[in-house]
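Student: Turn this into a structure:
(one chain, ligands or ions: 2)
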Amino acid sequence: MSSKLIRNIGQLITNSERDLGIINDAALVIEEHKVVWVGANSAAPDADESIDALGGTVTPGFVDSHTHAVFAGDRSKDYVARMTGSKYATGGIKTTVAATRSASEAELIKNTQSVLRKCQSQGTTTVEIKSGYGLNVESEVKILKVAQEFTDETTYLGAHVIPIEFESNRNGYVKLVKGEMLQAALPYCKWIDVFCDTGAFTVDQSRRILNAGRAAGMMPRIHANQLTRTSAVELAIEVDAASADHLSASNDADIEALASSSTVATLLPGAEFSTGHQGKLGRRLLDAHAQVAIATDCNPGSSFTTSMPFCIAAAVSLLGFTVDEALYAATAGGAAALRNSDIGNLAIGSRADIAILKSPSYVHLAYRPGVQLVEKTLKAGREVNTWQK
Ligand code: NIG
Ligand code: FE
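Tutor: Ligands and ions are numbered 1, 2, ... in the order given. I've put the predicted structure just below:
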């Protein structure tokens, strides 16, 4: 069995406790895709191969638990309009739906590989991908098939918005989403999500769709309170959603409810950054002891970023996280949002998904925003350059 040693680690982040579990001047050994030893660099055992971390920081690979990474087209004009005063709303999604419907599976594979390669170069090792830019049976299946080429964490989001052809028959679309479309999506996905918000789906429609997904064996997650506050958080808890995401318009009762539930609160700092929203939402959730994750929300409308380090920096400056809390939320938090404790930490026995940084401290992830600090990304112990599932 071949072994690999990462030596000369200035700061090793293990996340083995409820905090970062930092070991200074450390080393780590990998065997069979897993972490088998962590400790002082001076006590490191021999191994078949070794990587010199050159005094840099080693963290668990980032777990990006919320993306819409399979799409075609460009919405940079929407961004420019927003930055000069127009408000983010659900209408722009339809532009991406038109472009994605016309794209072939091969084009979508190419686009997605390019997006995920960028995620990976920024230290991401696990990515969740939602559908939701197809909104008819054929295109939703096409997107999920593409997503499944890249990750096991695939999510059916037929309930993203109501497509143009169903605008005067909204209940007809809900029926399709929870019926024929859901059955067609089933072989390609693990999770089901609904955009429960103004201009998208009501709480009652969302409940019916999520329950149909659960009955078919999909596990729920939800876009909640991004644009307006509804009782979406209550619904998330009622259906035991793994995660309630966005939460920007949440009130104190929502925060308390999340804190006493097993639903992870997933915040999307890139979306807050690109839609001009601010408020110490992270601080409020963390002070209430909610379980919190950070993800990119990578999509062409509200958050076209592939960088988890950028999201960590934005979480600190916009949402009230400390750097420690933001790094934990981007690793162990994301893992909790995907209900997978095998990733997001570097405890003995965990998957060797690792980012090696060329900085002496993890603090640099926020302190040097926009700077490429990730030197190497390892997935299941192997150094990777293109995205592999
Ligand atoms: O998570 N909120 C809904 N969906 C995406 C945005 C999609 C888009 O604008 O294309 C989000 O922000
Ligand atoms: Fe989203």
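
Student: So the closest residue to ligand 1 within the stretch 251-389 of the chain, which state does it fall into?
Tutor: Closest approach of the stretch 251-389 of the chain to ligand 1 (Cβ to the nearest ligand atom) occurs at residue 301, with a separation of 2.2 Å. C-betas here are computed from N, CA, C, even on glycine. Put simply, residue 301 is coil when judged by DSSP: H, G, I helix; E, B strand; the rest coil.

Student: And residue 146, by the same measure?
Tutor: helix.

Student: tell me which residues in the host helix or strand of residue 80 are buried?
Tutor: In the assignment (DSSP states H and E), residue 80 maps to helix 76-83. For helix 76-83, burial by neighbour count (16 or more other Cβ atoms under 10 Å) applies to 78, 79, 82.

Student: Please apply the same query to stretch 170-185.
Tutor: So for stretch 170-185, counting by 16+ other Cβ under 10 Å, buried means 173, 174, 175, 176, 177, 178, 181, 182, 184, 185.

Student: Of the buried residues of helix 76-83, which ones also sit close to ligand 1?
Tutor: Counting by Cβ under 6 Å from any ligand atom, the subset of the buried residues of helix 76-83 that neighbours ligand 1 is empty.

Student: what is the orientation angle of the helix or strand following the helix holding residue 80 with helix 76-83?
Tutor: Counting by DSSP H and E, the next helix or strand C-terminal to helix 76-83 is helix 93-102. Interaxial angle, helix 93-102 versus helix 76-83 (axes from the mean of the first three to the mean of the last three Cα atoms, to 10 degrees): 170 degrees.

Student: Mind listing residues that contact helix 93-102?
Tutor: Applying Cβ atoms under 8 Å, 6 or more residues apart in numbering, the contact partners of helix 93-102 are 70-73, 75, 78, 108, 132-136, 139, 143, 160-161, 163-164, 299-301.

Student: touching ligand 1 at all, that helix?
Tutor: Yes - for helix 93-102, a contact with ligand 1 is found by Cβ under 6 Å from any ligand atom, at 93, 96.

Student: Off-centre distance for that helix?
Tutor: 22 Å (Cα atoms, centre = their mean, to the nearest Å).

Student: Please work out the average pLDDT along that helix.
Tutor: For helix 93-102, the mean per-residue pLDDT is 96.

Student: next structured bit after that helix?
Tutor: Next along the chain from helix 93-102, counting by DSSP H and E, comes helix 105-121.

Student: roughly how far is that following helix from the heart of the chain?
Tutor: 16 Å.

Student: what angle sits between it and helix 93-102?
Tutor: 120 degrees.

Student: And the pLDDT at residue 379?
Tutor: Residue 379 is assigned a predicted lDDT (pLDDT) of 98.

Student: Tell me how far the nearest residue in space to it that is not next to it in sequence lies from ligand 1.
Tutor: Leaving aside its sequence neighbours, residue 379 sits nearest to residue 125 (Cβ to Cβ, 6 or more residues apart in numbering; 5.1 Å). Residue 125 sits 22 Å away from ligand 1, taking Cβ to the nearest ligand atom, to the nearest Å as the criterion.
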